[in-house]
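J.: sequence below, structure please.
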Amino acid sequence: MKRNPLILFFIAAVIAAMLFAGTRSVRKNRAAGSPSGQLIGQIAPDFELPSLDGTNLKLSDLRGKAVLLNFWATYCGPCKIEMPWFVELQKQYGPQGFQIVGVAMDDASTEEIAKFVKEMGVNYPILLGKESVGESYGGVGVLPTTFFLDRDGRLMAREFGLQSRSVFVDHIKKAMSQGKAVQAKK
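T.: Coordinates of the predicted model:
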């Protein structure tokens, strides 16, 4: 069966237009200073969500630690690339007062999310997200979306989509250097 070159060209043009529109939308949101951009420098919106281990985690309970807050989904390809980096970063910086928190933002069942997390070897809390929490951060229309909080709970930076590991490391180091550290318990 011969393929019509005109049809292949049309399909390629449609795909290119979709990629252009998506990239432009992300850049426009960054440049326009979407609501989450207005939160930079402010105390992060607090929330309490259930975790996979059956407990609830309240974001403000992590004050004193630098936090990487990652909104992700099981179907998200870039999220699967980041997660092994996050596992390594949690091991490396966790003892210094750093905590990664993952917020699952898809419709998969708790069991499916738990299986995925186990397969990925995740060593940090995974919370079952709600749309309202994402909206309080200006919306998370792009997955992954990652926020960096200093030790006082202030939003220092946000990143949309897949970033290089070095971008995460730079934000983590900056977040850990600002704010009041957790006091060691005696």
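
J.: now do the helices in this protein.
T.: 5-32, 35-38, 77-93, 110-120, 131-136, 165-177 (DSSP state H).

J.: report the angle between the last one and helix 77-93.
T.: What that stands for is helix 165-177. 50 degrees (axes from the mean of the first three to the mean of the last three Cα atoms, to 10 degrees).

J.: pLDDT of helix 165-177, averaged?
T.: Taken as a whole, helix 165-177 has an average pLDDT of 95.

J.: what's in contact with it?
T.: 66-68, 82, 85-86, 89, 93, 96-98, 146, 148-151, 156-157, 159 (Cβ atoms under 8 Å, 6 or more residues apart in numbering). Where you see a C-beta, it was placed from the backbone N, CA and C, and this is true even at glycine.

J.: 10 Å instead, please
T.: Defining contact as Cβ atoms under 10 Å, 6 or more residues apart in numbering, one finds that helix 165-177 is touched by 65-68, 70, 81-82, 84-86, 88-89, 92-93, 96-98, 100, 146-151, 154-159, 163-164.

J.: quick one: which of those sit in strands?
T.: Among the contacts of helix 165-177, DSSP state E puts 66-68, 70, 98, 100, 146-149, 155-159 in strands.

J.: which one of those residues is nearest to Val133?
T.: Phe147 (11.3 Å; Cβ to Cβ).

J.: wait, that closest one sits on Gln42?
T.: No: assessed by Cβ atoms under 10 Å, Phe147 is found out of contact with Gln42, at 11.4 Å.

J.: joint contacts of the two?
T.: Shared contacts of Phe147 and Gln42 (Cβ under 10 Å, 6+ apart): Leu155.

J.: more neighbours, these two?
T.: Neighbours per residue (other Cβ atoms under 10 Å) separate Phe147 from Gln42, with Phe147 holding more: 26 against 10.

J.: do you know how far that one is from Glu111?
T.: Per Cβ to Cβ, to the nearest Å, Phe147 is found 27 Å from Glu111.

J.: ok, Gly41 next?
T.: Taking Cβ to Cβ, one finds Gly41 at 39 Å from Glu111.

J.: state the pLDDT value of the residue nearest to Phe47 when sequence neighbours are not counted.
T.: Leaving aside its sequence neighbours, Phe47 sits nearest to Val133 (Cβ to Cβ, 6 or more residues apart in numbering; 4.7 Å). Predicted confidence (pLDDT) for Val133: 96.

J.: ok, Val133 touching Pro50?
T.: No: Val133 is beyond contact range of Pro50, at 11.6 Å (criterion: Cβ under 10 Å).
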